[in-house]
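Q: predicted model and sequence follow; I will ask about them next.
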Amino acid sequence: MAEQKSIFVTGAGSGIGRATAQLFAERGWFVGLFDVNPKGLEETSAMLPEGQRFSMTFDVRDRDGWARAVDAFGTVTNRRMHVLFNNAGVGKGGLINEMKPEDIDLVLDVNLKGVINGVNAALPLLRETPGSRIVNTASVAGVVGASKMSIYCATKFGVRGLTESLDLEFSRYGIRVTSLMPWFVDTAILDGMAEDTNRTVRDALNDQKTPIYPVRMAAERAWDAAHGKDVHYMVGKEAENAKFFARFFPGLLRKRMLSMMGDD
């Protein structure tokens with residue numbers, strides 16, 4: 001009988017993490033659910049079959065919390081972790097000189113340092129698991145910069161670079177490292193990245209009639225990222241277009257981003 005595969009999902013209490021946990025569970029995987037939000041975690045857990053899930057609250061900024069979570073996960077999976085889905089993230093936006101220092105620190109610490117913490121904490125278990133891989137949630141914001149999202153973009157460019165470097169570095173262990181790079185997806189993060197006191201990124205996107213993709217699409221691409229041969233996995237046609245234009249027509253892409261965020 002084939003060994004049941006397992007995935008460790010951060011940010012599982014909502015959004016892409018929740019949708020991905022559901023999809024992997026539907027396809028027979030054992031799913032570890034982890035989030036800083038106990039209520040969201042409880043809601044996600046209730047959506048998955050008993051005996052096919054494990055949940056635990058911790059903050060990805062906390063290295064000791066990571067150690068406890070990975071150890072607990074390994075205990076219930078016979079020391080197997082086929083996929084680490086480094087997905088937890090926060091969105092805080094605005095002009096850089098107007099952002100609160102604590103918001104800047106939060107975005108950096110969760111979106112970038114949290115991913116690094118996860119890589120280091122999970123590596124021993126991943127090395128024990130044949131064919132394992134890490135999937136990091138980056139973003140199209142890791143392909144092209146956007147006004148009023150500078151810190152968020154900095155973290156996602158960082159995750160992209162980290163992913164490419166670690167895919168090379170961890171090849172010695174037989175571990176692949178890939179990234180999920182969504183266009184704007186219908187999650188609460190769009191409401192958290194306020195342009196100013198009254199308007200959110202979601203408002204700006206709606207004004208421009210810019211597509212916002214469903215979380216299930218992101219989950220399907222997370223599945224691809226956990227199984228495919230590429231390094232980066234774009235979510236949605238707009239993401240594919242952004243990747244193309246960033247490479248071949250960066251000037252046109254810049255004009256579009258200025259228009260989209262109301263800076264033209």
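A: Everything's here; your move. Because the structure is predicted, anything quoted here is derived from the model rather than measured.
Q: so which residues of the stretch 151-264 of the chain form helices?
A: 189-192, 201-207, 215-227, 237-248, 250-260 (DSSP state H, counting those that start in this stretch).
Q: which of those has the lowest average pLDDT?
A: Of all the helices of the stretch 151-264 of the chain, the minimum mean pLDDT falls on helix 250-260 (a mean of 61).
Q: and Val60, helix, strand or coil?
A: With DSSP: H, G, I helix; E, B strand; the rest coil as the basis, Val60 sits in coil.
Q: look up how far Pro49 lies from the residue most central in space within the chain.
A: With distances taken as C-alpha atoms, centre = their mean, the residue of the chain nearest its centroid is Thr137 (2.5 Å). As judged by C-beta to C-beta, to the nearest Å, Thr137 and Pro49 stand 24 Å apart. C-betas here are computed from N, CA, C, even on glycine.
Q: ok, back up a step: correct me, but the residue nearest to the centre of the chain touches Leu162?
A: No. Using C-beta atoms under 8 Å, Thr137 makes no contact with Leu162, being 11.8 Å away.
Q: helix, strand, or coil at Gly118?
A: Following three-state DSSP, Gly118 is assigned to helix.
Q: excluding chain neighbours, what is closest to it?
A: In this structure, Gly118 finds its nearest non-sequential neighbour in Asn86, 4.7 Å apart by C-beta to C-beta, 6 or more residues apart in numbering.
Q: again, but for Ser55
A: Nearest residue to Ser55 in three dimensions, chain neighbours excluded: Leu33, at 4.0 Å (C-beta to C-beta, 6+ apart).
Q: number of nearby residues for that neighbour?
A: Leu33 has 28 neighbours, counted by other C-beta atoms under 10 Å.
Q: residues in contact with it?
A: Val9, Ala12, Gly13, Ala21, Leu41, Thr44, Ser45, Leu48, Arg53, Phe54, Ser55, Met56 (C-beta atoms under 8 Å, 6 or more residues apart in numbering).
Q: for Ser171, state which of the residues you listed is nearest.
A: Among the contacts of Leu33, Val9 lies closest to Ser171 (C-beta to C-beta), at 24.0 Å.
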